[in-house]
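Trainee: Quick one: sequence and predicted model below, then my questions.
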Amino acid sequence: MIDLGPHGGYILGSYAFTALVLCGLILNAIRDQRAQKRALADLQAGAPAGDRP
Amino acid sequence: MWTRLANPGHFMRWSGALLPWLAGLSAAGVALGLYLSWFVAPPDYQQGETVRIMFIHVPAAWLGVFFYGSMALSAIGTLVWRHPLADVAQRAAAPIGAAFTLICLVTGSLWGKPMWGTYWVWDARLTSMLILFLIYCGIMALWRTMEDPNRAARAVAILTLVGAINLPIIKFSVNWWSTLHQPASILRMGGSTIDPSMLYPLLTMIGAATLTGLSLHLYTMRTEILRRRVRTLTIREAERLDAGAVGLAQARADAVPLGQAL
Amino acid sequence: MIGAIRALVARDLVLAARVGGSGALSLVFFLMIVALVPFALGPDLNLLSRIGPAILWLAAVLATLIGLDRLFQADEEDGSLDLMAGAPVPLECMVLAKVTAHWLTTGLPLALASPLFGLLVALDGTAMAGTALTLLVGTPALTFVGAVGAALTASIRRGGLILAVLVLPLMIPTLIFGVSAAQSVAGGTVPFGTPLMILGGLSLIAAVVGTVAAAAALRWSE
């Protein structure tokens, strides 16, 4: 590992923050698309039994 | 050809085929960029190792501005051609642009602490990025308050364009304001004086980040199209149930003899 | 067309003067903010006179927001906006008339009352006159920018908060040049004319962009 000098914490911190935000963005996008796909599949198959009166 | 590519059905097909390649390419690009910026680029003679923050700060700043630009272009598409794909592109771009602007702000302030001695300096560039972030927040808030996606798209398009007209004015006035209050020039990064040993890692990171942003944008655009389909189908389903209920009530009312109904 | 604009301005002025109108209320709000600042900063007259123009400008920006959310919303609710949209006069003229009436009841009283409120923050004569002049030149920009937000949020219930979030970032240039023009009167490195001219330019740009954008927002919201 290379020596980061006295300010290593700031450098690692900024990379960690970037990774955190990007991971959040990507995971949220995947979760959202899965939810929409599931809703679409439900609707196309006819409403699930629970919704019917 | 463009009209064919922009048809939502066609878009779903070609973007679905393109996305894995684009995502793979951006992952490879990010890996290469990280390698170059961590192990190849030398520490700066003035900033030392802290310069490595710049390899994410500058691409993030570029993407924050880039996504606002693409939102403004999509806004023109929404208002002039009323194209549904432009609405979708606009909506998908806002959170991504806001996230990159936030990354730019946070990394900038983490860079500022060792360099300037404080987390936040009211420097012209950082302040402009902060205002850009606030405008992104306003746009996302407006998206959330409007139920009907078509109306929301037109409203947001107008706001985006007004913001696009305002951004150069804001940039100019913030520059003017910061020279007024801080006559001493602060340490500046970039310009044409940057050494090639740093320029190539930086350019690689910018390219990789752009590819990542574009893949995310395509992916969320697909989600938005799916969301619109879900919405349309839900409304149709509700209308069908509604019509069924009315039909039943009608039938029951008809079944009652006229004398009793009166 | 001029007649229609004049009639609409007169109607809005009458509405603002009536009970429930926001004409005098924004002036009271302006006074309220100016009165709150010394409680936060302490009654040091030297400090107050140094930041006095900034306080007055900040108060003016916030006071402009008062009543802005009702600018088009009231007409949207009682249907008169549909009549205006259907009138033979272009919607842009209607927007211009309504914004002018709003400025006459909000921005103009603020600018006229600012020398009086300047006394509270220990401004001297020239600084008072300078602040009043910059408010007179700059508040139209605030009102026009605000009108875009008002038109965008006209159909949203409880649109007041989102309106503030939308328009405040766009008001920053006006605030910067207004405050620096007002402060350059009291002495500084910049001549008074430069920021004042830019402020006037900002008002003119905001008048064009704001009118067109607000009319577009109203037209497309149906």
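Mentor: In hand now; what should we look at?
Trainee: so where do the helices sit in chain A?
Mentor: With DSSP state H as the criterion, chain A has helices at A:8-44.
Trainee: which stretches of it have low pLDDT?
Mentor: Across chain A, the ranges flagged by pLDDT under 70 are A:1-4, A:46-53.
Trainee: Contact partners for the residue of it found nearest chain C?
Mentor: Distance from chain C to each residue of chain A (CB to the nearest CB) is smallest for A:V21, at 21.5 Å. In this view, the C-beta of every residue, glycine as well, is placed from N, C-alpha and C. A:V21 makes contact with B:A99, B:L102, B:I103 under the criterion CB atoms under 8 Å, 6 or more residues apart in numbering or on different chains.
Trainee: Would you agree B:T160 is in contact with B:G69?
Mentor: No: B:T160 is not in contact with B:G69 according to CB atoms under 8 Å; the separation is 10.2 Å.
Trainee: Which of those two has more residues huddled nearby?
Mentor: When B:T160 is set against B:G69 and neighbours are counted by other CB atoms under 10 Å in any protein chain shown, the residue ahead is B:T160, at 26 against 13.
Trainee: Model confidence score at that one, please.
Mentor: At B:T160, the pLDDT value in this model is 93.
Trainee: Next: the one 3 residues further on.
Mentor: B:G163 is assigned a predicted lDDT (pLDDT) of 92.
Trainee: Just give the closest residue to it, not the sequence neighbours.
Mentor: Counting by CB to CB, 6 or more residues apart in numbering or on different chains, B:G163 lies nearest to B:I135, which is 4.9 Å off, once chain neighbours are set aside.
Trainee: For the one you found, give me its contacts.
Mentor: By CB under 8 Å, 6+ apart, the neighbours of B:I135 are B:Y68, B:G163, B:L167, C:P169, C:L170.
Trainee: Would you confirm that the fourth one contacts B:L134?
Mentor: Pointing back at C:P169 there. Yes: C:P169 lies in contact with B:L134 (CB under 8 Å); the separation is 4.3 Å.
Trainee: Which one of the two is surrounded by more residues?
Mentor: The residue with more neighbours, out of C:P169 and B:L134, is C:P169; 22 against 18, by other CB under 10 Å.
Trainee: so what's the more buried one up against?
Mentor: B:I131, B:L134, B:I135, B:G138, B:G163, B:I170.
Trainee: So which of these belong to helices?
Mentor: Reading helices off those with DSSP H, I get B:I131, B:L134, B:I135, B:G138, B:G163, B:I170.
Trainee: and those, which two are the farthest apart?
Mentor: B:G138 and B:I170 (13.2 Å; CB to CB).
Trainee: Can you pick out the residue with more neighbours from these two?
Mentor: Taking neighbours as other CB under 10 Å, B:G138 and B:I170 compare with B:G138 leading, 26 against 20.
Trainee: show me what contacts that one?
Mentor: Residues in contact with B:G138 (CB under 8 Å, 6+ apart) are B:L159, C:I162, C:V165, C:L166, C:P169.
Trainee: Roughly how far does the residue lying closest to B:P114 once chain neighbours are set aside sit from B:T204?
Mentor: Spatial nearest neighbour of B:P114, excluding adjacent residues (CB to CB, 6+ apart): A:H7 at 4.1 Å. Counting by CB to CB, to the nearest Å, the separation of A:H7 from B:T204 is 23 Å.
Trainee: can you check A:T18 too?
Mentor: Computed with CB to CB, the distance linking A:T18 and B:T204 is 16 Å.
Trainee: list the contacts for the residue lying closest to A:Y10 once chain neighbours are set aside?
Mentor: Nearest non-adjacent residue to A:Y10, counting by CB to CB, 6+ apart: B:L110, 4.7 Å away. When contacts are counted by CB under 8 Å, 6+ apart, B:L110 is found next to A:Y10, A:I11, A:G13, A:S14, A:F17, B:I53, B:Y119.
Trainee: do B:F55 as well
Mentor: Contacts of B:F55 (CB under 8 Å, 6+ apart): B:G33, B:S37, B:A41, B:P201, B:L202, B:M205.
Trainee: Just the element for the residue nearest to B:A41 when sequence neighbours are not counted, please.
Mentor: In space, and not counting its chain neighbours, B:A41 is closest to B:P201: 4.5 Å by CB to CB, 6+ apart. Taking DSSP states H and E as the criterion, B:P201 maps to helix B:196-255.
Trainee: Now do that helix: distance to the chain's middle.
Mentor: Distance of helix B:196-255 from the chain centroid (CA atoms, centre = their mean, to the nearest Å) equals 16 Å.
Trainee: repeat for stretch B:84-99
Mentor: 6 Å.
Trainee: now check it, is it near chain A?
Mentor: Yes: on the criterion CB under 8 Å from any CB of the partner chain, stretch B:84-99 is in touch with chain A at B:P95, B:I96, B:A99.
Trainee: helix, strand or coil for the first one?
Mentor: The assignment at B:P95 comes out as helix when based on DSSP: H, G, I helix; E, B strand; the rest coil.
Trainee: Just give the closest residue to it, not the sequence neighbours.
Mentor: B:M140 is the one closest to B:P95 (CB to CB, 6+ apart), at 6.4 Å.
Trainee: In three-state terms, label that neighbour for me.
Mentor: Following three-state DSSP, B:M140 is assigned to helix.
Trainee: That one and B:G97 touch, don't they?
Mentor: No: contact criterion CB under 8 Å: B:M140 and B:G97 do not qualify, at 9.6 Å.
Trainee: and those two? which has more neighbours close in?
Mentor: Shown here are B:M140 and B:G97; by other CB under 10 Å, B:G97 has more neighbours (27 against 16).
Trainee: Quickly note the distance from that one to C:A164.
Mentor: Applying CB to CB, the value for B:G97 to C:A164 is 22 Å.
Trainee: Likewise for C:F30?
Mentor: C:F30 is 16 Å from C:A164, by CB to CB.
Trainee: same question, C:A113
Mentor: Distance of C:A113 to C:A164, given as CB to CB: 22 Å.
Trainee: I'd like to know how many residues surround the residue nearest to B:P114.
Mentor: Using other CB under 10 Å, A:H7 is surrounded by 20 other residues.
Trainee: who are the neighbours in contact with it?
Mentor: Counted by CB under 8 Å, 6+ apart, A:H7 has contacts B:G48, B:E49, B:T50, B:P114.
Trainee: Can you name the two of the residues you listed that sit furthest apart?
Mentor: B:E49 and B:P114 (9.5 Å).
Trainee: Appreciated, that's everything.
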